[in-house]
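> next one to model:
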Amino acid sequence: MIQRIQSVYLLLIAILMAVLAIMTYSVIWWQSVLFAILGIISLVAIFLYKNRKRQMWIVRILLFVFIVIIVYIFYIILQVNHFVMDKMTTIINPIIVVSGILAFLAIRAIRKDEKLVRSADRLR
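Below is the predicted model of the structure:
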């Protein structure tokens, strides 16, 4: 389970989301809850290693949520001021982008595992 690279990617996402949940707890509680839920979902996806289709579905949802958060943050930045960003947005945005990249890499790794299993099934 942990020797698969997508498990490492998902574990990194869970760690990043835990960091964000702790950092945003005192500022905006709903963001903290959202990041905690995303971290828990990524941990759940790690343990779905036997059901790769469901694992890929969950990671795609994670990637979609990360994209929505990035678009929302940029929308807020453009609405407030083009050049002014608060500290929290400066910290949150790169971490969310990295988490999105890790989710994309996890999807690719899951797809690669699925192809490997299908090719092994054809040989039987």
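> tell me, which helix in the protein spans the most residues?
Scanning the chain for the longest helix, with DSSP state H as the assignment, gives helix 87-123.
> list the helices and strands it packs on?
Where contact means 3 or more CB pairs under 8 Å, 6 or more residues apart in numbering; DSSP states H and E, helix 87-123 is packed against helix 5-24, helix 29-46, helix 52-80. (Each C-beta comes from the backbone N, C-alpha and C, glycine too.)
> residues contacting the second one, please?
So that's helix 29-46. Outside helix 29-46, the residues that touch it by CB atoms under 8 Å, 6 or more residues apart in numbering are 1-2, 7, 10-11, 13-18, 20-22, 24-25, 55, 58-59, 61-62, 65-66, 69, 92, 99, 106.
> report the buried members of those.
7, 10-11, 13-14, 16-18, 20-21, 24, 55, 58-59, 62, 65-66, 69, 92, 99, 106 (16 or more other CB atoms under 10 Å).
> report the contact partners of residue 66.
Taking CB under 8 Å, 6+ apart, we find residue 66 in contact with 38, 96-97, 99-100, 103.
> then residue 70?
Residue 70 makes contacts with 93, 96-97, 100, as judged by CB under 8 Å, 6+ apart.
> would you list these in TSV and tack on neighbour count?
Output for the contacts of residue 70, formatted as TSV (neighbours: other CB atoms under 10 Å):
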residue	neighbour count
93	16
96	23
97	15
100	19
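> farthest pair in these?
Across these, the longest distance by CB to CB is 10.6 Å; it joins 93 and 100.
> returning to that earlier point: closest to residue 112 out of the helices and strands packed on helix 87-123?
That would be, of these and by CB to CB, helix 5-24, which comes in at 8.8 Å.
> now the closest one - C-alpha only, PDB.
Provided in PDB are the C-alpha atoms of helix 5-24 (Å, rounded to 0.1, in the frame of the first residue of the first chain):
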ATOM      1  CA  ILE A   5       3.900   6.200  -5.400                       C
ATOM      2  CA  GLN A   6       0.300   7.500  -5.400                       C
ATOM      3  CA  SER A   7       0.100   6.600  -1.700                       C
ATOM      4  CA  VAL A   8       3.000   8.900  -1.100                       C
ATOM      5  CA  TYR A   9       1.400  11.700  -3.100                       C
ATOM      6  CA  LEU A  10      -1.800  11.300  -1.200                       C
ATOM      7  CA  LEU A  11       0.000  11.200   2.100                       C
ATOM      8  CA  LEU A  12       1.800  14.500   1.200                       C
ATOM      9  CA  ILE A  13      -1.600  16.000   0.300                       C
ATOM     10  CA  ALA A  14      -3.000  14.900   3.700                       C
ATOM     11  CA  ILE A  15       0.000  16.500   5.500                       C
ATOM     12  CA  LEU A  16      -0.300  19.700   3.500                       C
ATOM     13  CA  MET A  17      -4.000  19.900   4.300                       C
ATOM     14  CA  ALA A  18      -3.400  19.300   8.000                       C
ATOM     15  CA  VAL A  19      -0.900  22.100   8.000                       C
ATOM     16  CA  LEU A  20      -3.400  24.400   6.300                       C
ATOM     17  CA  ALA A  21      -6.100  23.400   8.700                       C
ATOM     18  CA  ILE A  22      -4.000  24.200  11.700                       C
ATOM     19  CA  MET A  23      -2.800  27.500  10.200                       C
ATOM     20  CA  THR A  24      -6.300  28.700   9.200                       C
END
